[in-house]
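Undergrad: Coordinates for the following, if possible.
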Amino acid sequence: MTQTRFDVLTIGNAIVDIIVPVDESFIIEEGMNKGIMHLIDTDRAEDLYGKMPLNRQQISGGSAANTAAGVASLGGRAAFVGKVADDGLGDDFETDFNEMGVHYATTRLKNGALTGRCMIFVTEDGERTMNTYLGACQQLTEQDIRPDDIGGAAITYMEGFLWDPVEAKKAFVLAAHYAHKNERATAFTLSDPFCVDRYRAEFLDLMRSKTIDYVFANIHELKSLYQTDDLGAAVREIAKDAELAAITMGADGAMVIYNGEVTSVPAFPIDKVVDATGAGDLFASGFLLGMARGQTLETALKTGCLAASEVISHIGARPLVALDGLVEKHGLAG
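TA: Below is the predicted model:
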């Protein structure tokens with residue numbers, strides 16, 4: 001087994017997030033489905049960007065990238081694999097991750113699509129409506145998977161948002177191969193109900209074939225996976241298919257299903273949900289780091305919920321305070 005270099009290595013879309021608060025009327029006028037992620041082309045991306053209010057915040061992101069950033073903030077050793085272009089936003093992305101202490105060394109895409117970006121419109125109720133131009137991040141291939149990096153990570157975590165491109169799927173499967181070759185765990189997030197609808201059979205196969213060990217989902221994604229409105233029924237089904245399933249339940253906290261047993265914890269109370277962006281990503285940060293460090297399932301769940309509670313209390317998908325200090329304050333370090 002390769003010596004552990006990273007607690008958590010994540011693989012996913014490398015996207016620059018541009019976040020801005022808007023009124024409900026803006027969502028309606030632009031014909032968006034509130035709370036949903038819309039995939040857009042270059043023309044739509046340029047049009048929406050031009051209409052964005054100027055009080056916007058730019059930060060390098062993407063679902064799995066946010067998780068890696070959260071692991072680093074928690075004091076963990078994090079790495080991220082994702083594709084950006086050899087352009088200005090690509091420079092910004094790489095600089096951001098280096099400054100956060102996340103290992104990032106994916107080769108840049110040259111003479112092709114631009115660096116991906118996601119415009120996130122946040123309404124007063126905290127719901128986020130995402131408009132995503134994927135660009136270069138969809139060009140991830142098997143050549144971007146480095147055996148030593150994967151083999152040196154206690155857990156390799158991958159996102160469902162990057163399951164569309166055929167070459168990226170191959171990269172995922174190759175990463176899982178290297179992880180298991182080194183007796184490391186693999187994890188996967190279902191990402192979005194629309195992802196589940198498109199790839200239900202493939203996601204189930206990832207679990208049933210044991211390509212993926214740990215599965216992350218919220219209750220909507222879990223119900224969609226098993227095409228049921230009965231949460232209890234969905235929990236019973238995923239207990240059969242996945243070695244471990246971590247399920248977020250919003251204000252009701254989170255649960256993990258392992259060996260047929262369900263462990264649940266409540267959410268950490270906050271004054272107000274300001275922006276739900278990144279809640280699932282940061283939950284994954286805390287839970288994965290807890291698992292990588294051998295914490296109990298209950299402690300890992302609490303760490304995940306604590307990380308999520310911090311990020312939904314303000315605008316943006318990254319913590320505004322060092323999460324390691326927050327964890328220590330709540331007696332969850334270890």
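Undergrad: host element of residue 114?
TA: Using DSSP states H and E, residue 114 falls within no helix or strand.
Undergrad: For it, which residues are in contact?
TA: 42, 85, 87, 89, 133, 135, 136 (C-beta atoms under 8 Å, 6 or more residues apart in numbering). (Glycine included, C-beta is placed from N, CA and C.)
Undergrad: one more time with 7 Å, if that's ok
TA: Residues in contact with residue 114 (C-beta atoms under 7 Å, 6 or more residues apart in numbering) are 85, 87, 135, 136.
Undergrad: I'd like to know how far it sits from residue 63.
TA: Distance of residue 114 to residue 63, given as C-beta to C-beta, to the nearest Å: 19 Å.
Undergrad: for residue 8, same thing?
TA: Distance, residue 8 to residue 63, by C-beta to C-beta: 14 Å.
Undergrad: Neighbour count: the two, which is higher?
TA: More crowded of residue 8 and residue 63, by other C-beta atoms under 10 Å: residue 8, with 31 against 27.
Undergrad: Correct me if wrong: that one contacts residue 292.
TA: Yes: with contact defined as C-beta atoms under 7 Å, residue 8 counts as touching residue 292 (5.8 Å).
Undergrad: Need the overlap of contacts for the two.
TA: In contact with both residue 8 and residue 292: 154, 155, using C-beta under 7 Å, 6+ apart.
Undergrad: State the mean pLDDT of the one helix or strand residue 68 maps to.
TA: Using DSSP H and E, residue 68 falls within helix 63-73. What helix 63-73 shows for mean pLDDT is 96.
Undergrad: For it, name the packing helices and strands.
TA: On a contact count with 3 or more C-beta pairs under 7 Å, 6 or more residues apart in numbering; DSSP states H and E, helix 63-73 meets strand 6-11, strand 78-81, strand 153-159, helix 279-292, helix 323-329.
Undergrad: can you list the residues that contact it?
TA: Contacts to helix 63-73, defined as C-beta under 7 Å, 6+ apart, come from residues 7-8, 10-14, 78-80, 82, 100-102, 157-159, 161, 189, 191, 278, 281-282, 284-285, 288-289, 307, 317-319, 322-324.
Undergrad: orientation of it relative to helix 279-292 in degrees?
TA: 50 degrees (axes from the mean of the first three to the mean of the last three C-alpha atoms, to 10 degrees).
Undergrad: what angle separates helix 63-73 from strand 6-11?
TA: Taking the same axes, to 10 degrees, helix 63-73 and strand 6-11 form an angle of 160 degrees between their directions.
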